[in-house]
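Participant: Everything below, folded, please.
(one chain, ligands or ions: 2)
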Amino acid sequence: MKIIITGGAGFIGSHVVRLFVTKYPEYQILNLDALTYAGNLENLRDVESAPNYRLVKGDITDQAFVDELFAREEPDAVIHLAAESHVDRSITDPLAFVKTNVLGTVHLLNAAKNLWKPLGYEGKVFYHVSTDEVYGSLDFGPEMFTEDTSYDPRSPYSASKAASDHFVRAWHHTYHMPIKLSNCSNNYGPNHFPEKLIPLAIHRIQHGEAIPVYGKGENVRDWLFVKDHATAIDAVFHKGTVGETYNIGGVNEWANLELIHLLCDTLDEKTGKEKGTSRQLIKFVTDRAGHDLRYAIDSSKIMNELGWKPSVTFEQGLGLTVDWYLENETWLNNVTSGAYQDYYQKQYAQR
Ligand code: NAD
Ligand code: TYD
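Facilitator: Numbers count the residues shown, from 1 in each chain. Ligands and ions are numbered 1, 2, ... in the order given. Next up, the predicted model:
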């Protein structure tokens, strides 16, 4: 089987590529990635010379390129992760999210349909990786997002992902494309780009700089270790039913401030600092526009039907993550030089 994994040089994509390249040596894995600011080949150094792995540098917003690639490579399956993925960037540049997340997805669907429909779609799969943010925002309380929750996206990022989910389902109903979808909660772990909360806070703590907490830090997210997301994607890809959607989450809700406290204490302990040292860096800053209050995922469908469950507790996963950042200071320093500094200044100067 030849699989195109899009966005394989990014945070989650690199863990998915690694899992598939090492677990399925009989598969050919093509990593289709534009290598934007979020794509980093350092994430894949350990698998880049595997005989069943290849990088194709290219942009999914270019239909002609995508068509030519599919015609040339004749993939059997697509696992689509390439996206613009950061809510704050979507607030300052929404069009980039429409282009990559909506148009890019439709370009891939078109190319897959043109290649597979004449073959009757036999043995083919288009797997779209999405987010729980398409369901909107929950109040504090016990309610969770299920696969039947109505879509109610509220940021340009989640609106673009919701649109892409709708297009994927439309290709299933209209053109009989064999699709699978999953909607996952917030991921954390190694190789996470330091524009997102956890790696940004780790980077700030390591440099003794302020940790920006939006609003009162009361917003709740449901955190999942990235390697557990990769095993969930493996389960959906191989065992999931065509046409179905699976919610993936960690059953692991944290208010941002509580999470930052735990992170500060973990770093203090691991770097031999007195407990409480890093907490002093917390700085409450202007809230994000339209900030979703709470996300929480009900994962019972994937757990009951596909037998998937997370492999680590949050404390274990966070410990592994902090260890990785402490051991990979060069990775962090490389991605936070140059353009990142401009981003940080622009994003946080007004807060
Ligand atoms: P990321 O931003 O770390 O990586 C995105 C990757 O896509 C990068 O390698 C980038 O170079 C590539 N890319 C961007 N635009 C492209 C284009 N036009 N053509 C080709 N490649 C392009 O993202 P991530 O956090 O790894 O997220 C991966 C997917 O998972 C996304 O679809 C995202 O919506 C979804 N998701 C993310 C989370 C999370 O917590 N990070 C949670 C649920 C779902
Ligand atoms: P983020 O990692 O950007 O993920 P998402 O917005 O997709 O959930 O943010 C996680 C939470 O942390 C979210 O409630 C916003 C908040 N946040 C901060 O408080 N400070 C920050 O500097 C960032 C980047 C996020």
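Participant: From what I see, Asn101 and Glu84 are in contact.
Facilitator: Yes. Assessed by C-beta atoms under 8 Å, Asn101 is found in contact with Glu84 at 6.0 Å. No exception for glycine: its C-beta is placed from N, CA and C like everyone else's.
Participant: quick one, which of those two is more surrounded?
Facilitator: It is Asn101, of Asn101 and Glu84, that has more neighbours when counted by other C-beta atoms under 10 Å, with 29 against 24.
Participant: Would you mind listing the residues in contact with the nearest residue to the more buried one once chain neighbours are set aside?
Facilitator: The shortest distance from Asn101 to any non-neighbouring residue, by C-beta to C-beta, 6 or more residues apart in numbering, is to Ser160 (3.8 Å). Neighbour list for Ser160: 84, 90, 94, 97-98, 100-102 [criterion: C-beta atoms under 8 Å, 6 or more residues apart in numbering].
Participant: at 6 Å what do you get?
Facilitator: 97-98, 101-102 (C-beta atoms under 6 Å, 6 or more residues apart in numbering).
Participant: got the phi/psi numbers for it?
Facilitator: Here is the backbone geometry of Ser160 (degrees, to the nearest 10): phi -70, psi -40.
Participant: I'd like the secondary structure assignment at His15, please.
Facilitator: Assigned with DSSP: H, G, I helix; E, B strand; the rest coil, His15 falls in the helix class.
Participant: Going along the chain, name the helices of the stretch 1-150 of the chain.
Facilitator: Secondary structure of the stretch 1-150 of the chain by DSSP state H, counting those that start in this stretch: the helices cover 11-23, 63-73, 87-92, 94-97, 104-116.
Participant: For His238, which of the ones you listed is the nearest?
Facilitator: Relative to His238, the nearest member of the helices of the stretch 1-150 of the chain by C-beta to C-beta is helix 11-23, separated by 10.2 Å.
Participant: picking that back up, from the contacts of Ser160, which are also near ligand 2?
Facilitator: Of the residues in the contacts of Ser160, proximity to ligand 2 by C-beta under 6 Å from any ligand atom holds for none.
Participant: From the residues you listed, which land in strands?
Facilitator: Counting by DSSP state E, no part of the contacts of Ser160 is found in strands.
Participant: Out of those, flag the one nearest to ligand 1.
Facilitator: Each of those was checked against ligand 1 using C-beta to the nearest ligand atom; the closest is Asn101, at 7.3 Å.
Participant: Nearest residue to the closest residue to ligand 1 within the stretch 1-150 of the chain in space, ignoring adjacent ones along the chain?
Facilitator: Closest residue of the stretch 1-150 of the chain to ligand 1, C-beta to the nearest ligand atom: Gly10 (2.1 Å). Excluding its sequence neighbours, the residue lying closest to Gly10 (C-beta to C-beta, 6+ apart) is Ala38, at 5.2 Å.
Participant: Surely that neighbour and Phe193 touch.
Facilitator: Yes. With contact defined as C-beta atoms under 6 Å, Ala38 counts as touching Phe193 (5.4 Å).
Participant: Tell me the confidence at the residue nearest to Val106 when sequence neighbours are not counted?
Facilitator: In this structure, Val106 finds its nearest non-sequential neighbour in Phe167, 5.4 Å apart by C-beta to C-beta, 6+ apart. Looking at Phe167, its pLDDT reads 99.
Participant: Name the helix or strand for Phe167, please.
Facilitator: In the assignment (DSSP states H and E), Phe167 maps to helix 156-175.
Participant: Residues of this structure that sit close to ligand 2?
Facilitator: Checking the chain against ligand 2 by C-beta under 6 Å from any ligand atom, the hits are 87, 186, 196-197, 200, 212-214, 219, 221, 256, 288.
Participant: let's go with 5 Å and repeat that
Facilitator: Contact residues, the chain versus ligand 2 (C-beta under 5 Å from any ligand atom): 87, 196-197, 212-214, 219, 256.
Participant: Take those and write them to TSV, including secondary structure, distance to Ser182 and neighbour count.
Facilitator: Shown next, in TSV, are these (DSSP: H, G, I helix; E, B strand; the rest coil; distance: C-beta to C-beta, whole Å; neighbours: other C-beta atoms under 10 Å):
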residue	secondary structure	distance to Ser182	neighbour count
Val87	helix	19	22
Lys196	coil	19	17
Leu197	helix	22	22
Pro212	strand	30	20
Val213	strand	30	20
Tyr214	strand	27	17
Asn219	coil	23	21
Asn256	helix	24	18
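Participant: Good, wrapping up.
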